[in-house]
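Asker: my questions are about this predicted structure, shown below with the sequence.
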Amino acid sequence: MDIFLIVDILKLAGMYILMSLGFVVIYKASHVLNLAQPGLVMLASFIGLQVLPQNFENPTSMGKILITLALMIVGGIILGLVVYRYFIQPLSGTSRISIVLMTLAALFLLEAVVDLIWPGDSGFMALPGTTIGFQINETTYIRLFDLLPPVVGLVVWLALVLFYRLSRQGMRVQAVAENSSLAARRGININHIGAVSWAIAVVVGVIAGMTIGTQSVVSTLIVGTALKGFTVALVGGLDSIEGIVPAALLIAALEVATVRWIDQQWSEAVPFIVLLVVLMIKPWGLFGRIEELERV
Amino acid sequence: MINHYSSSGLMRGRHKSRGKVAVGIAVSLAIALSSSMALASGSNSKPSAKTKIEKTSKYIMGPKDFYLVTSTAQVTTSEAKATNQKAANAVVTQKVLSTSTDKSTKVITSKISEKSVTKKVDKTVTVTKEIVEVKTPLPAKKATGAPISIGWITDASSITKSTYYPEYEGAKIFFQALNDHGGINGRPVEILVEDMKIDQQLAVTAANKLLNEKNVIMLAGGTLEGRLPAVFTVVRAAGAPFLTGHSARPDMFPSNPDPLLFTVGNVFEAMSDARVQLWPQLFGKDFPNGGTSACYIHEAPAAVAVCNRWLEQLQKASPQWKSGVIAKAPLSTADFTSFIRPIVNSNPTVFFDISIASHAIGTAVAARNLGYKGPIAFSMTATPETDIRIVANQVGGDKLYAVTNITSIYDYNVPEVKQVVAAATKYGVTIPASSATMNGWLMGMTIADSLNRCGATCDRAKLRNSLEKLSLDVTGIFGGVLAYSPTDHVGKRYWTGYKWDNAQNLLVRAIPGWIVFNPEDLLIPIK
């Protein structure tokens, strides 16, 4: 077995996991498609490009990187709370389509903001240690940075799985997702759940943006890339955090295999072909619940 | 003095058409005084001579002064058969015979003689030239009066901004400098710019607005070639000339050209064919026995013309170079690893990475991260040197090359580069000046020269006629003379190559001179 095939699949799957989590987190809490997620990923990557140190000769650079990452996550939490409070909460009680359109408007707004601040810019997040890795045999060298997306993706995914299954807050989110009216009557603060979910979604977007920025060029093309996360979420099941990993692995494996053995240009179509096939067989996604789809 | 060099002689003797290329090379590059005798050793027959008159103009901007220089030259080209002779680059000798200055007008008139001798495999080509050069200082006062409006469409805010927007900025600073020295016939030239991104509908809207509402005298700029045919329709309806700055398809600039379309850019097929001649020179020292060339291009209709044609022709013309893996990735690619892996696994002798800047630098970095240690060559027509620097800073600058038909902004010793850098500093640019800015400066000169010859009553039709008579000496930026004719709205192209220098953290010349390529001499004529 070609070890690079596995590395390439894991790397791509890791990025797909991070890009799809934001869609599922919001849908799970409110049954709303969060179309703003690709814009959040793009914004985070451009901010990362702007604020991360560009050289590492100074020994304090590593500390600056860690502080910057921490500040960006805190910023993500605040942005998520603000987005919910001022854009989503006022639409409570309106049709879901209104909220979906609001997230779409937010996507366009974020694109405009990025265009305004970084018009046409592109670049790499220069991080130390990008060449560090381990030699497996004479011809095989695996970079640690290539393992970053699957490791980060799995850690974030696992944290969210545990959050929903084990924490009181997570169970409340599940309860709201089951029946928001009943949950409210049982004393669960619906707005609090919504705000927490949006904060999580934005933080996941920040982590996705930063991770993509370590692997590829940061540019406005990231929006198109991050939209693939929506496909992964649909294949896994829009309300299923658990479904994300198998869906990401499936799509990444088929995409990499297509690039390698069939035709590089066909790889673009792979996620959508998989989506079509899955939706024909299981319209609610591989791990989604039937009743959830029927409510949309 | 600018040194001129002939082409590699790569295809010499293979086909008659290639011989025609070689003659064209000598005629264009070597400028010299007439000589009817063969100078090279080994010549054994009487030379045949052809004489013609060449008129060119150029702009020179000094620290304080701005000159318009017009040259009239009598050019004589003679060929003499020779035997037992090795091919060699042209040796150019130049002599200033006399210089006089008119005290009242400060016009400097010089008589110059130049002689160039180029040794071919079986002949010696001698080109001689008697030049009368008139250097007219432009007035050191700002232009006033009603401005002449030029419309410009470009990508001001999307993914190809770093490729196209500097062209607009290059033209803008050229005209700012020109306007500070009297403009055109005392009138300032203003550029009205519209953002078309890489969107055809936006481009049409922008062109309509500029031509029909703003009533500009001509249109310039453009972005991806695939978005432009719809603009051509608008241009034709308005009867205004359109000068494009970048890549083009053969159908846009056929041998019987559209009357209104002109370009300083490159037709893809011609660009690919030119690189066939360029390639062995770029890597000649490192890989005298050739090798395998891999190629990367983003997913686009032009991919076939850019990678496939080039590799096919390279292999035919230069059998020591084999065609390697061709990789193509969709525009929205998140990670280039799996796309570049086949190239890295095939370990090509060289990897030609030609794409829009974000893809080119992404794939180059991916290739290095995957362990490819061989040479990576970029096309500066798509990936400006400032973006190549990003790659060098990210993964190191070892064995990074660039081919280009525009001088690098890092070529600080070229006077025209100094002019552009000085103007960029004085008037300001938002994207650091690069060869793309130089291309815009070249477009500015092209427009200014055409407007100048067009006269005080210039309109769209007259300007079109004026553009068609362009003969602009832009050697420092472009490698030679940019000239159009009723049957040619593209003109010759001059190519050179650079290599990244880690010590200086910039590109330095890998090919000392320029290799001329006439698009009319395509290896496979465009059908």
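Answerer: That came in fine, so what should we check first?
Asker: my guess is residue A:156 contacts residue A:17, does it?
Answerer: Yes. Residue A:156 is in contact with residue A:17 according to Cβ atoms under 8 Å; the separation is 7.5 Å. For the C-beta atoms, the positions are set from N, CA and C on the backbone; glycine is no exception.
Asker: of those two, who's got more company?
Answerer: Applying other Cβ atoms under 10 Å in any protein chain shown to residue A:156 and residue A:17 shows that residue A:17 carries more neighbours, namely 29 against 20.
Asker: which helix or strand contains the more buried one?
Answerer: helix A:3-30 (DSSP states H and E).
Asker: what's near enough to touch residue A:110?
Answerer: With contact set as Cβ atoms under 8 Å, 6 or more residues apart in numbering or on different chains, residue A:110 has these partners: A:36, A:39-40, A:42-43.
Asker: just the pLDDT for it.
Answerer: Note for residue A:110: predicted pLDDT of 90.
Asker: so it belongs to a helix, correct?
Answerer: Yes. Membership of residue A:110 in a helix is supported by DSSP: H, G, I helix; E, B strand; the rest coil.
Asker: show me where pLDDT drops low in the chain?
Answerer: Using chain A here. A:1, A:54-60, A:291-296 (pLDDT under 70).
Asker: think we crossed wires, I meant chain B
Answerer: Chain B contains residues with pLDDT under 70 at B:1-48, B:84-89, B:334, B:525-527.
Asker: residues from it in reach of chain A?
Answerer: Within reach of chain A by Cβ under 8 Å from any Cβ of the partner chain, chain B has these residues: B:155-162, B:165, B:299, B:327-339, B:341-342, B:345, B:357-359, B:361-362, B:365-366, B:369, B:371, B:390, B:393-395, B:431.
Asker: in helices, which of those residues fall?
Answerer: Judged by DSSP state H, the subset of the residues of chain B next to chain A located in helices is B:161-162, B:165, B:337-339, B:341-342, B:345, B:357-359, B:361-362, B:365-366, B:369, B:390, B:393-395.
Asker: picking that back up, buried among the residues of chain B next to chain A? Make that a PyMOL selection.
Answerer: Remark: buried members of these, expressed as a PyMOL selection using 16 or more other Cβ atoms under 10 Å in any protein chain shown:
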select buried, chain B and resi 155+156+157+158+159+160+161+162+165+299+327+328+329+330+331+333+334+335+336+337+338+339+341+342+345+357+358+359+361+362+365+366+369+390+394+395+431
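Asker: nearest spatial neighbour of residue B:65, skipping sequence neighbours?
Answerer: Spatially, and ignoring its direct neighbours in sequence, residue B:65 is nearest to residue B:137 (5.5 Å; Cβ to Cβ, 6 or more residues apart in numbering or on different chains).
Asker: quick one, strands of the stretch 1-150 of chain A?
Answerer: A:133-137, A:140-143 (DSSP state E, counting those that start in this stretch).
Asker: nearest spatial neighbour of the residue of chain B found nearest chain A, chain-adjacent residues omitted?
Answerer: Proximity of chain B to chain A (Cβ to the nearest Cβ) peaks at residue B:161, 2.2 Å away. Leaving aside its sequence neighbours, residue B:161 sits nearest to residue A:120 (Cβ to Cβ, 6+ apart; 2.2 Å).
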